[in-house]
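Q: Fold the following and give me the result.
(chains A and B, ligands or ions: 2)
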Amino acid sequence: MQSLGNKLIFAGPVGVGKTTAISALSEIPPVCTDVAATDETLARKATTTVAMDYGFMTLEDGSQIHLYGTPGQDRFDFMWEILTRGGLGLVLLVDATSSDPAADLERYLDAFGDFIRSAGAVIGITRSDLANQDVYSAIQQRLRQRDQPLPVFEIDARRPEEVRLLIEALLAVLATGE
Amino acid sequence: MPSTVSISAIGLTHQENTVLGVAVNLLSAFEVAVHLLPAGDAGGHIAVVNSESDAGRHYVPAPFQKQLVLAEREGRGDNRQYLLKPIRVQALKDALLELIAAAAPAANDRPAAAKQARGTPLFYSLVDAIIEHRLVRLKGSGIQLMVHGPSRSLYAQAAVADLVTLIEGGGGVQADTLGEADFMQACRGAREVKLQDLLWTAARHGGVGELRPGHSLEQRVRLTLWPRFAPRDSKPEYLRLSAALTAQPMTLQQAADRCAAPLPLVLDFFNAALALGIVEVSAAPVAPPPAPKKPSGQRAGLLAMIARRLAFR
Ligand SMILES: Nc1nc2c(ncn2[C@@H]2O[C@H](COP(=O)(O)OP(=O)(O)O)[C@@H](O)[C@H]2O)c(=O)[nH]1
Ligand SMILES: [Mg+2]
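A: Ligands and ions are numbered 1, 2, ... in the order given. Purely as a prediction, here's the structure:
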């Protein structure tokens, strides 16, 4: 077994609420930090730095859980898998006001596929208050088709109790598997 | 005591909003279960009101709501406290802490919703109607809810928030099964309400802990999807049951053991899942299912620490 991860990764398109969700949990206001992402398979460059949102929570034994928000831009797609190393679990946020939220979701489910299988994930649908489509049902239907029953909650990233519920569900998923 | 005390901001300046945000974050960091409602939501246990703004001057607090008034000079009033401008984080934090201590017990007293426990618990009638594919009018305790069993749809005149308050009042309902025409007639002017928006509140306030006819403790069940519930209706056991039962099929007794959940609670959870149509039932296995994977002690400890850090119940 790998060493215990101590990172929670927040992923999703630009504007979905990653920074807001991290700030709901973090003891510091989220900061933008450069993370070195090394990948030996990338011939063009051994090490690249990516700007990520960063925050943390301190646990009772003094250790920290690091909260990282992945950059949403497509040009960073190739880094996602690398950035999940040492990850405990994934918080996937989907914007209900997007033109095709279920397609957005699938793109992220596929991109983070290995990580989701080895760790675990939870899905938060944000901005439902601004959407006039039933995104929750569309997402659940897509998950049913994929036979991938991940937790899905509609949340407002600005409401910390809703963000906490998302993490609580993720912890329950992580506790069932290895 | 409510698990979380909510705070509404009424007419605050940009600067005051920022100060409030920091104060609330500080309180959260000190494990005070408090959260700031989004702008425009005035329904918090505590309202922080800028008395120098139009919105603040005309603000009428909800019953039981405590007010913290930001003002140029001192004032007086029942259920309200004053804080002199300019507002400082430390002073605001301390004032909030005082109000939270005062707000907590009162906030739990729901505005006296009709509390007659007549009829059947709503949860029972609701699940019944859906499982049996009936068209039903549920009525009582101030609630009127039309249940279209075959499509798992609900219709009501009242807003979801009001229905939630009424259901939390815990009253019972009478269930009348209607024909198609009467049902349509009774639904006039009603709006669709999502089943998941009421089901878990109903389970929390009227669970019966019974197995439905046709089901047994020996059958194996699996969830095809995760249910969803509002934070107020969430229970750690629901989350554990959802995670376990989506991961692999098992009997309800195994689920209870594995998730450290009392069997009646597991049965209510299962009944709700039946109503949502997210259950797959298979007959009892010949051989017992493989022992569920358990996370390592170290990992379980880490997950528990994170849960405690987030001040989960
Ligand atoms: N209306 C609404 N706004 C939200 C919600 N969640 C987040 N926001 C807002 O959306 C904006 C973008 O959020 P941000 O965290 O910066 O997104 P990021 O690009 O993923 O980091 C911010 O102004 C948030 O306050 C939601 O559920 N509803
Ligand atoms: Mg951001």
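Q: Assign the residue of the stretch 51-200 of chain B at minimum distance from ligand 1 to helix, strand or coil.
A: Per Cβ to the nearest ligand atom, the residue of the stretch 51-200 of chain B with the smallest distance to ligand 1 is B:D197, at 16.4 Å. The C-beta positions use only the backbone N, C-alpha and C, and glycine is treated the same way. Put simply, B:D197 is helix when judged by DSSP: H, G, I helix; E, B strand; the rest coil.
Q: Which residue, other than its chain neighbours, is closest to it?
A: Here the nearest residue to B:D197 in space, its sequence neighbours aside, is B:V160; by Cβ to Cβ, 6 or more residues apart in numbering or on different chains that works out to 5.2 Å.
Q: Can you tell me how far that neighbour is from B:L195?
A: From B:V160 over to B:L195 the distance is 11 Å, taken as Cβ to Cβ, to the nearest Å.
Q: what about these two, which has more around it?
A: A count of neighbours by other Cβ atoms under 10 Å in any protein chain shown puts B:L195 above the other of B:V160 and B:L195, at 20 against 15.
Q: The more buried one contacts B:S151, doesn't it?
A: No - applying Cβ atoms under 8 Å as the test, B:L195 and B:S151 come out as separate, 9.9 Å apart.
Q: Retrieve the pLDDT associated with residue 77.
A: I'll assume chain A. We have a pLDDT of 64 for A:D77.
Q: try chain B instead
A: 73.
Q: Distance of it relative to B:A71?
A: 11 Å.
Q: Ok, B:L223 next?
A: Taking Cβ to Cβ, one finds B:L223 at 53 Å from B:A71.
Q: who has more neighbours, those two?
A: The residue with more neighbours, out of B:L223 and B:A71, is B:L223; 23 against 15, by other Cβ under 10 Å.
Q: residues contacting B:S28?
A: Residues in contact with B:S28 (Cβ atoms under 8 Å, 6 or more residues apart in numbering or on different chains) are A:P160, B:V34, B:H35.
Q: Among these, which are located in helices?
A: Counting by DSSP state H, the contacts of B:S28 place A:P160 in helices.
Q: May I see the contacts of B:S28 organised as a markdown table, with neighbour count, pLDDT and distance to ligand 1 added?
A: Below are the contacts of B:S28 laid out as a markdown table (neighbours: other Cβ atoms under 10 Å in any protein chain shown; pLDDT from 0 to 100; distance: Cβ to the nearest ligand atom, whole Å):
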| residue | neighbour count | pLDDT | distance to ligand 1 |
| --- | --- | --- | --- |
| A:P160 | 24 | 94 | 12 |
| B:V34 | 25 | 84 | 19 |
| B:H35 | 21 | 86 | 14 |
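Q: Which secondary structure state does the nearest residue to A:L105 once chain neighbours are set aside sit in?
A: Nearest-residue entry for A:L105: A:V94, 5.1 Å, with adjacent residues in sequence omitted and distances by Cβ to Cβ, 6+ apart. The three-state label given to A:V94 by three-state DSSP is strand.
Q: same thing with A:H66?
A: Here A:H66 is recorded as strand under three-state DSSP.
Q: That one and A:G5 touch, don't they?
A: No - with contact defined as Cβ under 8 Å, A:H66 does not reach A:G5; the gap is 9.4 Å.
Q: how many other residues sit next to the residue of the stretch 51-200 of chain B closest to ligand 1?
A: Residues near B:D197, counting by other Cβ under 10 Å: 17.
Q: residue contacts, it?
A: Going by Cβ under 8 Å, 6+ apart, B:D197 touches B:V160, B:V164, B:A230.
Q: Reformat those residues as CSV; add distance to A:R146, pLDDT and secondary structure.
A: Converted to CSV, the contacts of B:D197 look like this (distance: Cβ to Cβ, whole Å; pLDDT from 0 to 100; DSSP: H, G, I helix; E, B strand; the rest coil):
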residue, distance to A:R146, pLDDT, secondary structure
B:V160, 30, 93, helix
B:V164, 32, 92, helix
B:A230, 26, 92, coil
